[in-house]
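S.K.: Here's my sequence, what's the structure:
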Amino acid sequence: RILVLGGTGFIGRHVVKYIVDSGVASKVRVVDKVLPALAYLTPEFEEVFANPVVEFKQANLGNPSHLSRTFDDPAGAFNIVINLAAETKYGQDDEVYRQLILDVAVTVATEAARRGCDKFVHVSTAQVYDGEKKPVKENGKLKPWTGVAKYHLEA
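M.R.: Residues are numbered from 1 along each chain as shown. Got it, this is the predicted structure:
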């Protein structure tokens, strides 16, 4: 049982497809503010979202009152929560990034822990690493070079 937050975005839809194609989950709940019908899904991804193991819930995770519709499930807690929900547009004010990256990440991680989730995965960005023009390993020098990266690193 896997909960994918931000699951209709570009990376999210690929994560959902991988989970469904792998057959590793009896249920995949996808939560996003964007409906699948408005997310410009290709027929390949429309088929994934139509799979009976996939359930979609619309929620704005920047709004704490949407947590119950995100996490409540009659079968109990989700085993894994994957957080891809975040502001991705460049040129926003710091307050927008703080609310829609940092605050969302902390809120959903706290809720996942409170509900007994086994694993929580926050998907960030490679922009948290020094912006040199060479490959970087995960233990590389941290030096966020965008507003998006600054708040993902803080999360």
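S.K.: okay, now the closest residue to Asp118 other than its chain neighbours: neighbour count?
M.R.: Among residues not flanking Asp118 along the chain, Asn79 sits closest, at 4.8 Å (Cβ to Cβ, 6 or more residues apart in numbering). Backbone N, C-alpha and C define where each C-beta goes, glycine included. Neighbour count of Asn79, defined by other Cβ atoms under 10 Å: 15.
S.K.: what pLDDT does Asn79 get?
M.R.: With respect to pLDDT, Asn79 scores 98.
S.K.: Now do the contacts for it.
M.R.: Residues near Asn79 by Cβ atoms under 8 Å, 6 or more residues apart in numbering: Arg1, Ile2, Cys117, Asp118, Lys119.
S.K.: Quick check: it vs Leu38, distance?
M.R.: Using Cβ to Cβ, to the nearest Å, one gets 29 Å for the distance from Asn79 to Leu38.
S.K.: just checking, what's the longest helix in the protein?
M.R.: The helix that spans the most residues within the chain, counting by DSSP state H, is helix 10-22.
S.K.: who's in contact with that one?
M.R.: Contact partners of helix 10-22, identified using Cβ under 8 Å, 6+ apart, comprise 2, 4, 6-7, 25, 28, 30, 32, 39, 41, 44-45, 48-49, 51, 53-54, 82, 84, 123.
S.K.: Now do the contacts for the residue nearest to the spatial centre of the chain.
M.R.: Taking Cα atoms, centre = their mean as the criterion, Leu84 is the residue nearest the geometric centre of the chain, at 1.8 Å. Contact criterion Cβ under 8 Å, 6+ apart gives Val4, Leu5, Gly6, Gly7, Gly9, Ile11, Gly12, Val15, Val123 as the residues in contact with Leu84.
S.K.: So for the fifth one, what's the nearest residue that isn't a sequence neighbour?
M.R.: So that's Gly9. Spatial nearest neighbour of Gly9, chain neighbours left out: Leu84 (6.2 Å); criterion: Cβ to Cβ, 6+ apart.
S.K.: how far away is the one you found from Pro135?
M.R.: Distance, Leu84 to Pro135, by Cβ to Cβ: 23 Å.
S.K.: Cool, thanks, signing off.
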